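A.B. asks: Need coordinates for the following:
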Amino acid sequence: MSIEEVIEKNTNLIYYITKRYTRYFDKDDLFQAGIIGLLKAYKNYKEQTGVKFSTYAFSSICGEVKKFVREDKNIKISREYIQLSQAIERAKEFLTQKLMRKPTVEELSLFLEMDEVKIADVESANEFVRSLDYENDEEEIDLYNKFACEEKAYDASIQDLKTEISNLSEEEKELITERYYNDLTQSEISDKLGISQVQVSRKETKILSKLKERLVQTPVN
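C.D. replies: Below is the predicted model:
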């Protein structure tokens, strides 16, 4: 398989990995970092590893994306957000002492006369930046490594399945989503899609066979 074909086939995998960072970093820059990881995986992949290429490439892509995130110097919190963050922390301390428990977002919103969404946004931005810094009482640990790329909960077979489902046609994805994500019966899907239950059954069987075939390991040459 050529490099161009490898990139085309694994584009969805790169977007899947980078999507959690797109709020703070440029999508194109993240994608390019993912491409670098993919090409490194392509160069080092050996059929003898005993895993699908997409599984092997996952950690390499994730590593390059995380490296880009760690080294990028452009992410900053505005002065407004810093001031709001400080106000939120002071309010938390005051309300915690008064209520003898942690205040809810709604209570903070009423106390500060600030929209709940704004509070959540400020805390999210602050937490994201803090997670990329060094911070530990006993020794310096790169908390960036704790900002997961889902590797701790990552299951190779599940990731492969998600990748292959994303490569299905829109019609096929809709049927699989309704059947296995929304837990609809074939009869319910039949009514929703306007086709017979027999057709739903045939299509489902065909899609599952296609996924099974694609999930069989295919070496990258």
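
A.B. asks: where's the closest residue to residue 107 other than its chain neighbours, which helix or strand?
C.D. replies: Nearest residue to residue 107 in three dimensions, chain neighbours excluded: residue 95, at 6.2 Å (C-beta to C-beta, 6 or more residues apart in numbering). Bear in mind the C-beta positions are built from the backbone N, C-alpha and C, glycine included. In the assignment (DSSP states H and E), residue 95 maps to helix 79-99.

A.B. asks: now the residue in the chain sticking out farthest from the centre: how far from residue 105?
C.D. replies: The C-alpha centroid of the chain is most remote from residue 98, which lies 38.5 Å away (C-alpha atoms, centre = their mean). From residue 98 across to residue 105, the span is 16 Å (C-beta to C-beta, to the nearest Å).

A.B. asks: Also residue 61?
C.D. replies: 35 Å.

A.B. asks: What of residue 31?
C.D. replies: 34 Å.

A.B. asks: the more surrounded of those two?
C.D. replies: Taking neighbours as other C-beta atoms under 10 Å, residue 31 and residue 105 compare with residue 31 leading, 17 against 14.

A.B. asks: The helix or strand where that one lies packs against which elements?
C.D. replies: Assigned by DSSP H and E, residue 31 falls within helix 27-44. Judged by 3 or more C-beta pairs under 8 Å, 6 or more residues apart in numbering; DSSP states H and E, the packing partners of helix 27-44 are helix 3-18, helix 53-71.

A.B. asks: shaky segments in this protein?
C.D. replies: 47-51, 72-79, 125-159, 216-221 (pLDDT under 70).

A.B. asks: Please repeat the previous calculation with a cut-off of 50.
C.D. replies: 133-155, 218-219, 221 (pLDDT under 50).

A.B. asks: What residue spans form the domains of it?
C.D. replies: The chain breaks down into these domains under automatic domain parsing: 79-131, 168-221.

A.B. asks: and these as a markdown table, adding distance to residue 160?
C.D. replies: As requested, the domains of the chain are exported to a markdown table (distance: least, C-beta to C-beta, whole Å):
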| stretch | distance to residue 160 |
| --- | --- |
| domain 79-131 | 28 |
| domain 168-221 | 6 |
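
A.B. asks: between those domains, which one is nearest to residue 9?
C.D. replies: With C-beta to C-beta as the measure, domain 168-221 is the member of the domains of the chain nearest residue 9 (9.2 Å).

A.B. asks: how distant is that closest one from the center of its chain?
C.D. replies: Relative to its parent chain, domain 168-221 has a centroid offset of 23 Å by C-alpha atoms, centre = their mean, to the nearest Å.

A.B. asks: do stretch 24-31 as well
C.D. replies: 14 Å.

A.B. asks: residues of that stretch that come out buried?
C.D. replies: 24, 25, 29, 30, 31 (16 or more other C-beta atoms under 10 Å).

A.B. asks: Check stretch 8-15 too.
C.D. replies: Using 16+ other C-beta under 10 Å as the test for burial, stretch 8-15 gives 9, 10, 11, 12, 13, 14.

A.B. asks: from the chain's centre, how far out does that stretch sit?
C.D. replies: Relative to where its chain is centred, stretch 8-15 has its mean C-alpha point 13 Å off (C-alpha atoms, centre = their mean).

A.B. asks: Brilliant, that's me finished.
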